[in-house]
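Visitor: sequence? don't have it. structure:
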């Protein structure tokens, strides 16, 4: 019974993968890609905020697993969309494409790592990378049909999302700063009593 959610998630991912591979409507696959990207954000933010807090370990683990599940479906839809569009999933023609491809792939890998490693101490610090990629996406990148960054193209739509990302990021920096400061002062007290 311990691994039943993992088995159910793998079956669901397999079913979605078969559906995507058999589906040829590029507009629908693009819509799935967009909405799975949006579905990743809420559980990732919850996991990001609660990471490193022992009393909230269950909430963080569940949030990281939900984000990893949604990210897997997002990755499958990106691969299918690239195939239908006749393009490679990663592009390296310009420096910005290099940055987006490498940064996005690393963020994808780190969010996926949240399933097995979401409760590991190192993962707390690794979560900063995908959070930075989410912020970068809204501040720098444009949507497919636009030439200006998302936040400027649709400020009423993307503004609240960016504000939430920045508040969550600021909160985590504040909490981590306090944690590091407390641990350093404890070490200095232990060192001075010896």
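Guide: On my side now, so go ahead. For clarity, every value in this text was computed on a predicted model and none was experimentally measured.

Visitor: Run the chain-centre distance for stretch 20-33.
Guide: Relative to its chain's centre, stretch 20-33 lies at 21 Å (Cα atoms, centre = their mean, to the nearest Å).

Visitor: Give me the contacts around it.
Guide: Contact partners of stretch 20-33, identified using Cβ atoms under 8 Å, 6 or more residues apart in numbering, comprise 73, 74, 76, 77, 78, 80, 81, 84, 85. Just so you know, the C-beta spots here come from the backbone N, C-alpha and C atoms, and that holds for glycine as well.

Visitor: Next, the buried residues of it.
Guide: 20, 29, 30, 32, 33 (16 or more other Cβ atoms under 10 Å).

Visitor: Find out how far the helix or strand of the chain with the lowest mean pLDDT is from the centre of the chain, if you would.
Guide: Lowest mean confidence among the helices and strands of the chain (mean pLDDT, DSSP states H and E): helix 4-22, at a mean of 84. Distance of helix 4-22 from its chain centroid, counting by Cα atoms, centre = their mean, is 19 Å.

Visitor: of the contacts of stretch 20-33, closest to residue 95?
Guide: Closest approach between these and residue 95, by Cβ to Cβ: residue 78, at 21.0 Å.

Visitor: roughly how far apart are that closest one and residue 159?
Guide: Using Cβ to Cβ, to the nearest Å, residue 78 is found at 25 Å from residue 159.

Visitor: Stretch 115-135: which residues count as buried?
Guide: Buried residues in stretch 115-135 (16+ other Cβ under 10 Å): 115, 118-119, 123-124, 126-128, 130-131, 133-135.

Visitor: related to what we said a few turns ago, so among the buried residues of stretch 20-33, where is pLDDT lowest?
Guide: Comparing pLDDT over the buried residues of stretch 20-33, the lowest score belongs to residue 20 (84).

Visitor: Not counting its neighbours along the chain, what's nearest that one?
Guide: Of all residues beyond its chain neighbours, the one nearest residue 20 is residue 80 (4.4 Å), with distances taken as Cβ to Cβ, 6 or more residues apart in numbering.

Visitor: Residue 180 is in what secondary structure piece?
Guide: Per DSSP states H and E: residue 180 is located in helix 155-193.

Visitor: Rank the buried residues of stretch 115-135 by pLDDT and give me only the lowest.
Guide: residue 119 (80).

Visitor: What residues does residue 15 make contact with?
Guide: With Cβ under 8 Å, 6+ apart as the criterion, no residue contacts residue 15.

Visitor: quick one: low-confidence parts of the protein?
Guide: 1-2, 52, 192-194 (pLDDT under 70).
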